[in-house]
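Q: Got a predicted structure here, sequence first:
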Amino acid sequence: MTQKQQQQESGRWHGYEIRVRYGETDRMGVVYHPNYATWFEVGRTELIRERGLPYSRIEELGLYLPVIELESKFRLPAKYDDRIAIYTRIRSYNHLTVHFESQIRRLEEGGAVSSDGEQEAAERNGRPAPAGELLVTGATRHVWLSRDWKPVRIDREAPELYRLLGEE
């Protein structure tokens with residue numbers, strides 16, 4: 001497998017729960033669409049943090065990871081006071097870019113965000129791994145940049161970070 005083809009298939013979902021706040025909704029009590037992009041960022045940040053590297057440390061290394069593509073597909077609206085789970089996984093990455101996949105799902109009161117064990121069992125049974133009612137799907141693509149806003153090879157600049165991208 002070449003470096004450009006590195007990790008072409010999606011990894012495991014990382015779940016992070018929030019509750020929809022009043023300020024995230026419009027007059028109808030429906031989440032205003034730009035908030036989903038913010039939630040995608042929350043999911044990415046928490047996935048990277050869980051793998052052992054807070055985003056602040058990435059910037060301390062002199063690296064930036066701006067969004068160069070954003071896609072969203074809206075199926076159902078999230079509403080004020082809903083419990084939602086932000087599911088995120090790395091769809092693919094290489095030495096220059098990383099592509100995240102996201103799902104926003106409504107959770108039942110008292111329900112839990114899927115654990116890795118539940119995900120493995122669900123995947124074996126052919127069911128989608130994340131828990132909850134699917135509301136929005138999306139993806140973001142990013143490019144690694146230096147402080148000078150020049151593209152950098154992450155495998156050379158921060159090999160430990162490059163390895164973290166591939167952890168399951």
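A: The structure has been received and is ready for your questions. Residues are numbered from 1 along each chain as shown.

Q: So in the chain, which helix runs the longest?
A: Scanning the chain for the helix with the most residues, using DSSP state H, yields helix 34-50.

Q: List the buried residues for the helix or strand following that helix?
A: As assigned by DSSP states H and E, the chain's next helix or strand after helix 34-50 is helix 55-60. Using 16 or more other Cβ atoms under 10 Å as the test for burial, helix 55-60 gives residue 58. Where C-beta positions appear, they are placed from N, C-alpha and C, glycine not excepted.

Q: What average pLDDT does helix 55-60 get?
A: Regarding helix 55-60, the rounded mean pLDDT is 93.

Q: how far does that helix sit from the chain's center?
A: Relative to its chain's centre, helix 55-60 lies at 17 Å (Cα atoms, centre = their mean, to the nearest Å).

Q: In terms of secondary structure, what does that helix contact?
A: helix 34-50 (3 or more Cβ pairs under 8 Å, 6 or more residues apart in numbering; DSSP states H and E).

Q: Name the residues that touch the longest helix of the chain?
A: 14, 16, 18, 24, 54-55, 58, 70, 72, 74, 84, 86-90, 100, 102, 104, 136, 138, 140, 164 (Cβ atoms under 8 Å, 6 or more residues apart in numbering).

Q: Could you pick out which of those are located in helices?
A: Going by DSSP H, the helices hold 55, 58, 164 from the contacts of helix 34-50.

Q: separation between the first one and residue 137?
A: Taken as Cβ to Cβ, to the nearest Å, the spacing of residue 55 relative to residue 137 amounts to 23 Å.

Q: number of nearby residues for residue 145?
A: By other Cβ atoms under 10 Å, the residues close to residue 145 number 16.

Q: where does it land on pLDDT?
A: Listed pLDDT for residue 145 reads 98.
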